[in-house]
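Visitor: my questions concern the predicted model and sequence given below.
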Amino acid sequence: MRTADRYAYDEKNYIREVSLLDLCREIVKKWLIILIAALVLAVLAAGYSVLKNKRRQSSMDQAYAKYEEAMVTYNTQLETLQKQLRINQAQVDNSNIYAEKSVLMNLDPYNVSMSEAILTITFDDAQNRADSAGGNMGAYKAQQAYTLMLAYSSYITETIPMDALAQELGIDEAYLRELIKVTYSPNTQSQVMNLIIYGRDTAMAEKIRDFILENLDGVEKNLETQYGTHEVTVLSKSTKQGVDLNLKDSQTSTTSAQTSLTKSLTNLQTTIAALDKPSYSAPYSTSTLIKQAVTMAVFGFLGGAVLMALFLAVRIIMAGTLMSAGELSRKFGLKCLGCPGPTRDQYKLICAQIENYMKNRDPEGAGRILFISTLENKRAAAAVKEMRKCESEMLIFDLASSVTARPDSIRKIADYDACVLLEEVHVSRYADIVRLLEILGDSDKTLIGTVILGA
């Protein structure tokens, strides 16, 4: 493999690709510094909180008194609104049930079944003349008739027992009674009362009408003691199916009331949701000081840890040094031969890999291997010294340090068969390594792989 094909100058090589995982590992290694920074900022934040609140004792007490007053007003308003809300909700629920179950509300006013009966009430004129005691008998008679028709109307719509009929028809008694309508037009000659019954069909309307007429005989005798002798006569009975605008107006009025109730309920819910609860203002006390100090300490601890981690991340990136053994492998596709540690085992593994590589080029496995590095320190020299202890008779190892800064090291590359890049984490600078690879490319030498110290 010719390095000249892969490591010619390219500006993109100088753009460093930092692994977030490697960066996090480096930050975690500095956990003690992060912990110290977090503790320092936590103590400072807690101390600041205590000093600040001690100076604000008077204002804190005043603020708490205002808060309590505001909470009393808020709770009173909330309780009143919630009570009204419960009332409105019950009204809306009842209204919805009524709209669903009421027979009258579900009738079609443009094609409604009705039965009618016209009744007249006549009096004993001799008795009326005596009761009027010489006064205007006609006026007295009209007044008696009007009062009597009120009594009959009340009996028909409210008093007459209808539970058995309601059960037979399969509806609630209250919904049955609202199907009955009584009108009257009193005058001095004859007293006329109209009985109008609505129903799902004409048969139902007739059944209710006939039931009422059958039960009028008993109440007539009871009312004679109070209103005098009179007679209730059925002038006519009829059944029809058609338009009733009075029913239409009644249904429209009920629907409007339901809509108004629903709107009122919605407005109450909106008002409750918009009701601002006063912000809590803690009173001055030792427990409050401790709570707020602890809260500020927690925020200070977290803030200190985050700030120090960010500072370390920036520092690591700006330092421009190698972060991990895999950084060069990801960027340039270089094989990492190993990361030597305190024992000699890693050196033996590296030496074996180099030996296999050279045997692929030469069956005898002979060759001169140059470890090239941007470093100029004892660790690089010590590493090559350890490699020499592992070298076979067919391999010769040597070191060219500070290649990017020493001309003699650059010239030395031409005297060797292949090269191995030797660098150290947190010491070797990324830009210098890129420059070294460009120099190696110009020398037309093969780079077997990398050996990374300190990883």
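Guide: Happy to help now that I have it.

Visitor: where do the helices sit along the stretch 351-455 of the chain?
Guide: Under the criterion DSSP state H, counting those that start in this stretch, the stretch 351-455 of the chain contains helices at 378-390, 407-412, 430-442.

Visitor: of the ones you listed, which stretch is the most buried?
Guide: helix 430-442 (a mean of 20; mean count of other C-beta atoms under 10 Å). Every C-beta, even on glycine, is put in place using the N, C-alpha and C of the backbone.

Visitor: and the helix or strand hosting Lys83, what does it pack against?
Guide: Take DSSP states H and E as the rule and Lys83 turns out to sit in helix 57-101. Under the contact definition 3 or more C-beta pairs under 8 Å, 6 or more residues apart in numbering; DSSP states H and E, helix 57-101 sits against helix 245-274.

Visitor: and the angle from the following helix or strand past the helix it packs on to helix 430-442?
Guide: Using DSSP H and E, the helix or strand that follows helix 245-274 in sequence is helix 286-319. For helix 286-319 against helix 430-442, the angle by axes from the mean of the first three to the mean of the last three C-alpha atoms, to 10 degrees is 20 degrees.

Visitor: picking up where we left off before, I'd like the helices of the stretch 351-455 of the chain as a markdown table, with distance to Trp31 and mean pLDDT appended.
Guide: Formatted as a markdown table, the helices of the stretch 351-455 of the chain follow (distance: least, C-beta to C-beta, whole Å; pLDDT from 0 to 100):
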| stretch | distance to Trp31 | mean pLDDT |
| --- | --- | --- |
| helix 378-390 | 25 | 85 |
| helix 407-412 | 39 | 88 |
| helix 430-442 | 25 | 86 |
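
Visitor: Val182 is nearest to which of those?
Guide: Nearest to Val182, of all these, is helix 430-442, at 103.2 Å by C-beta to C-beta.

Visitor: shaky segments in the stretch 151-300 of the chain?
Guide: 185-190, 284-285 (pLDDT under 70).

Visitor: circling back: between the helices of the stretch 351-455 of the chain, which gets nearest to Leu322?
Guide: Here helix 430-442 is closest among the helices of the stretch 351-455 of the chain (C-beta to C-beta), at 6.2 Å.

Visitor: quick one: list the elements packing against that closest one.
Guide: Under the contact definition 3+ C-beta pairs under 8 Å, 6+ apart, helix 430-442 sits against helix 326-332, strand 418-424.

Visitor: of all the ones you listed, which one is nearest Lys348?
Guide: Of all those, it is strand 418-424 that lies closest to Lys348, at 14.9 Å by C-beta to C-beta.

Visitor: looking at the helices of the stretch 351-455 of the chain, which is closest to Ala46?
Guide: Across the helices of the stretch 351-455 of the chain, Ala46 has its closest neighbour in helix 430-442 (41.6 Å, C-beta to C-beta).

Visitor: if we can go back for a sec, after the helix holding Lys83, next one along is what?
Guide: Defined by DSSP H and E, the subsequent element after helix 57-101 is strand 112-123.

Visitor: mind listing what's buried in that following strand?
Guide: Val112, Ser113, Met114, Ser115, Glu116, Ala117, Leu119, Ile121, Phe123 (16 or more other C-beta atoms under 10 Å).

Visitor: turn the residues you listed into TSV, including distance to Gln241 and pLDDT.
Guide: Listed next are the buried residues of strand 112-123 as TSV, based on distance: C-beta to C-beta, whole Å; pLDDT from 0 to 100:
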residue	distance to Gln241	pLDDT
Val112	7	92
Ser113	5	92
Met114	7	93
Ser115	10	93
Glu116	12	93
Ala117	17	92
Leu119	22	87
Ile121	29	80
Phe123	36	70
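
Visitor: residues near Tyr146, how many?
Guide: Here the number of neighbours of Tyr146 (other C-beta atoms under 10 Å) works out to 15.

Visitor: so it sits in a helix?
Guide: Yes - when classified by DSSP: H, G, I helix; E, B strand; the rest coil, Tyr146 is found to be part of a helix.
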